[in-house]
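Asker: quick one: sequence and predicted model below, then my questions.
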Amino acid sequence: MTLLRSFSRIAFVVGLGTSFVVAGGCVGGKKQISAEERERLKPYILDAVPADAKKTDVNFENRVHLVGYKVEPAMAPPKTPVKITYYWRCDEPLDDGWQLFTHVQHEGFEKPENLDTNGPLRELSGNRQILGPDRWERGKIYADEQSFTMPETLRGPESTIFVGIWKGDARLRVLSGPTDGDNRAIVTKIKTGVPAAKKEDGKRGANDIPTMQVGKLAAGEKIVIDGKGDDKAWGAAASTGPFVDVGTGQSAASYPVTGSAKVLWDDEHMYVLIEVKDPDVVGYFTDKGSQPKDWTATGLPMTWTKDTAEIMIDPDGDGDNKDYYELQINPQNKMFHSQFDAYNAPKTEPQGPFGHEDWDPQLKSAVVVHGTIDNKADKDDGYTVEAAIPWKAFEKGAKNHPPKPGDEWRMNFYAMKSNGGTAWSPILGQGNFHKSSRFGRVRWVTPEWLASQAADAGAAVEPVAVKVDGGAVHAVDAGALMRRLGRPVPSGAGH
């Protein structure tokens, strides 16, 4: 199983520009499209759904219904051209500015493939779809054709097609019919022929949420942020172990990109070290002026579309996707950073902003590349990302910043390539990489706290878990740990 290497994102300019409508349209006061365009689009305006279309009924606020679709071919392996036609019925005219969207979610990829401007009805006239839903006539059926090619390196047996109708930050509500709960109609799942990963005996269970207890730096101990990761403290730091398949939780050792992460903390910062294994390190990003489709509306690089390490942080620890954070640092040490109020919200497709991109964590980071960036002629080993993130960056959502010993946060770590990747904690198809209920559990600990927990439990010699490697929890006697650090041993905390 491999990752997606090519991912097409088509820029879609959002705005309220000059409006046009087909002659005879329901919404008055709009200029007509040209006679030539009207003639060209005539084959897509029908009186009935074709007999060979698969029937469905998704009700968008009693104004528009998705009433059928056709997919060709039914089985679409990697690199296969796909043609899909949606049949929409206009029951009640829409106000100016409503547009169609399509998301194709390939298993194991963080973000869907965006086809908003793909197809004859969706061609842009200025900044508008030439025959979008705000220009439809009551009672007519609209054949909305789209063509795309399946990614070369699909990773799962299905790709799901979602469609909907949007305007600015709003979507028409789905009142009935198959939906994902976010006002996206589920049209169909295209079979890819790619087998699902097999369960491996003896490995961390696919449904398990990993836990890591992160030790605090001793007084006077420092981490130098230089991307080398050679400070002594990193040698004993808590580790995620090898990242796994995002969709299944199984081994990702053979994937084009994988990695592991270590974490430490002190009173000022969270320290993160991510080792990414990647034989072809891609930097790519230069400036928004020359790459407008690869940068968000606020000017941040869309690093997930190339190579990047990613950190997701839900500081209140409940995994409810309220007030969480996203950080991405790529091999060039370029960064995407954002804060989200709720799951993937706020969000404006396709150029963002994604969340509150004005959130600035004021972190310090460094990257060392083990190879050469943007050179396909050689084989690289990967790159190392090292970062110090101030606790004050998490004022929204964190109960304590810095955390108190014993506080638990939810976090996830990813090594990404072309919108796919591997993870510490798998998402298991329950959403995209933002799904915080699937984030791992990170507990911030000190030797004193560990020893007191052991003493309170009456476990004089019972070891306590302080580190996770590849799903296996390593146990350390709290009393021995205290003595090694030259600190007082509470009564009952071990021999």
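Answerer: Ah, there it is. Numbering: from 1, shown residues only.
Asker: which residue ranges make up the domains of the chain?
Answerer: 20-191, 211-445, 449-484 (automatic domain parsing).
Asker: most tightly surrounded among these?
Answerer: Stretch with highest mean neighbour count among the domains of the chain: domain 211-445 (a mean of 20; mean count of other Cβ atoms under 10 Å). Yep, even glycine has a C-beta here, placed from its N, CA and C like the rest.
Asker: for it, what does the pLDDT average out to?
Answerer: Domain 211-445 comes out with an average pLDDT of 95.
Asker: just the terminal-to-terminal distance for that domain.
Answerer: End-to-end span of domain 211-445 (Cα to Cα, to the nearest Å): 13 Å.
Asker: quick one: that domain to chain centroid distance?
Answerer: Its chain's average C-alpha position is 11 Å from that of domain 211-445, according to Cα atoms, centre = their mean, to the nearest Å.
Asker: before we move on, what about stretch 74-81?
Answerer: Centroid separation between stretch 74-81 and its chain, computed with Cα atoms, centre = their mean, is 24 Å.
Asker: how about stretch 128-140?
Answerer: Here stretch 128-140 is found 32 Å from its chain centre; the criterion is Cα atoms, centre = their mean.
Asker: end-to-end on it?
Answerer: Using Cα to Cα, one end of stretch 128-140 lies 20 Å from the other.
Asker: leaving out sequence neighbours, find the closest residue to residue 417.
Answerer: residue 257 (4.2 Å; Cβ to Cβ, 6 or more residues apart in numbering).
Asker: next, the contact list for residue 162, please.
Answerer: Residues counted as contacts of residue 162 (Cβ atoms under 8 Å, 6 or more residues apart in numbering) are 102, 103, 104, 105, 112, 180, 184, 185, 186, 187.
Asker: could you list everything it pairs with in the sheet?
Answerer: When assigned by DSSP bridges, residue 162 has beta-bridge partners residue 103, residue 186.
Asker: kindly state the pLDDT recorded for it?
Answerer: On pLDDT, residue 162 comes in at 95.
Asker: wouldn't residue 440 be in contact with residue 208 here?
Answerer: No - counting by Cβ atoms under 8 Å, residue 440 does not reach residue 208; the two are 9.7 Å apart.
Asker: who touches the residue nearest to residue 417 in this structure?
Answerer: Residue 257 makes contacts with 3, 276, 277, 278, 307, 415, 416, 417, 421, 422, as judged by Cβ under 8 Å, 6+ apart.
Asker: gap between the last one and residue 255?
Answerer: This points to residue 422. According to Cβ to Cβ, to the nearest Å, residue 422 stands 6 Å off from residue 255.
Asker: mutual contacts of these two, please.
Answerer: residue 245.
Asker: got TSV for the contacts of residue 162, with distance to residue 219 and pLDDT too?
Answerer: Listed next are the contacts of residue 162 as TSV, based on distance: Cβ to Cβ, whole Å; pLDDT from 0 to 100:
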residue	distance to residue 219	pLDDT
102	56	97
103	50	95
104	53	95
105	48	90
112	48	87
180	50	81
184	52	92
185	57	93
186	55	93
187	59	96
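Asker: format these as CSV; extra columns: distance to residue 244.
Answerer: As requested, these are arranged in CSV below (distance: Cβ to Cβ, whole Å):
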residue, distance to residue 244
102, 30
103, 25
104, 24
105, 20
112, 22
180, 25
184, 27
185, 31
186, 27
187, 30
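Asker: go through those residues and say which is closest to residue 386.
Answerer: Of all these, residue 112 has the smallest distance to residue 386: 31.3 Å, by Cβ to Cβ.
Asker: excluding chain neighbours, what is closest to the closest one?
Answerer: Closest residue to residue 112 apart from its sequence neighbours, by Cβ to Cβ, 6+ apart: residue 103 at 3.6 Å.
Asker: is it true that that neighbour touches residue 146?
Answerer: No - counting by Cβ under 8 Å, residue 103 stays clear of residue 146, with 11.6 Å between them.
Asker: which neighbours do these two have in common?
Answerer: Common neighbours of residue 103 and residue 146 (criterion: Cβ under 8 Å, 6+ apart): residue 115.
Asker: which outside residues touch the helix or strand where residue 188 lies?
Answerer: Residue 188 belongs to strand 185-191 when elements are defined using DSSP states H and E. Residues from elsewhere that reach strand 185-191 (Cβ under 8 Å, 6+ apart): 54, 56, 58, 60, 66, 69, 71, 74-76, 82, 84, 86, 150, 157-164, 174, 177-180.
Asker: which intervals of the stretch 1-150 of the chain have sub-threshold pLDDT?
Answerer: Applying pLDDT under 70 to the stretch 1-150 of the chain picks out residues 1-33.
Asker: what segments of it are strands?
Answerer: With DSSP state E, counting those that start in this stretch as the criterion, the stretch 1-150 of the chain has strands at 20-21, 31-32, 45-46, 54-60, 64-72, 81-90, 99-106, 113-114, 124-125, 128-129, 141-149.
Asker: ok, now the stretch 251-400 of the chain?
Answerer: Under the criterion DSSP E, counting those that start in this stretch, the stretch 251-400 of the chain contains strands at 258-265, 269-277, 307-314, 324-329, 335-340, 364-370, 382-390.
Asker: ok and the fifth one relative to strand 307-314, angle-wise?
Answerer: Between strand 335-340 and strand 307-314, the angle comes out at 30 degrees (axes from the mean of the first three to the mean of the last three Cα atoms, to 10 degrees).
Asker: then the fourth one?
Answerer: Relative orientation of strand 324-329 versus strand 307-314 (the same axes, to 10 degrees): 160 degrees.
Asker: who does strand 324-329 pair up with?
Answerer: Applying DSSP bridges, strand 324-329 is found paired with strand 307-314 (antiparallel), strand 335-340 (antiparallel).
Asker: for the last one, same thing?
Answerer: Strand 382-390 has its sheet partners listed here by DSSP bridges as strand 269-277 (antiparallel), strand 364-370 (antiparallel).
Asker: just the CA atoms of the shortest one, as CSV, please.
Answerer: Yep, that's strand 364-370 we're talking about. Only the C-alpha atoms of strand 364-370 are listed here, as CSV (Å, rounded to 0.1, in the frame of the first residue of the first chain):
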residue,chain,number,x,y,z
LYS,A,364,11.0,28.3,17.5
SER,A,365,11.7,25.5,15.0
ALA,A,366,14.6,24.1,13.0
VAL,A,367,14.8,21.4,10.3
VAL,A,368,17.7,19.3,9.2
VAL,A,369,17.3,17.5,5.8
HIS,A,370,19.1,14.2,5.5
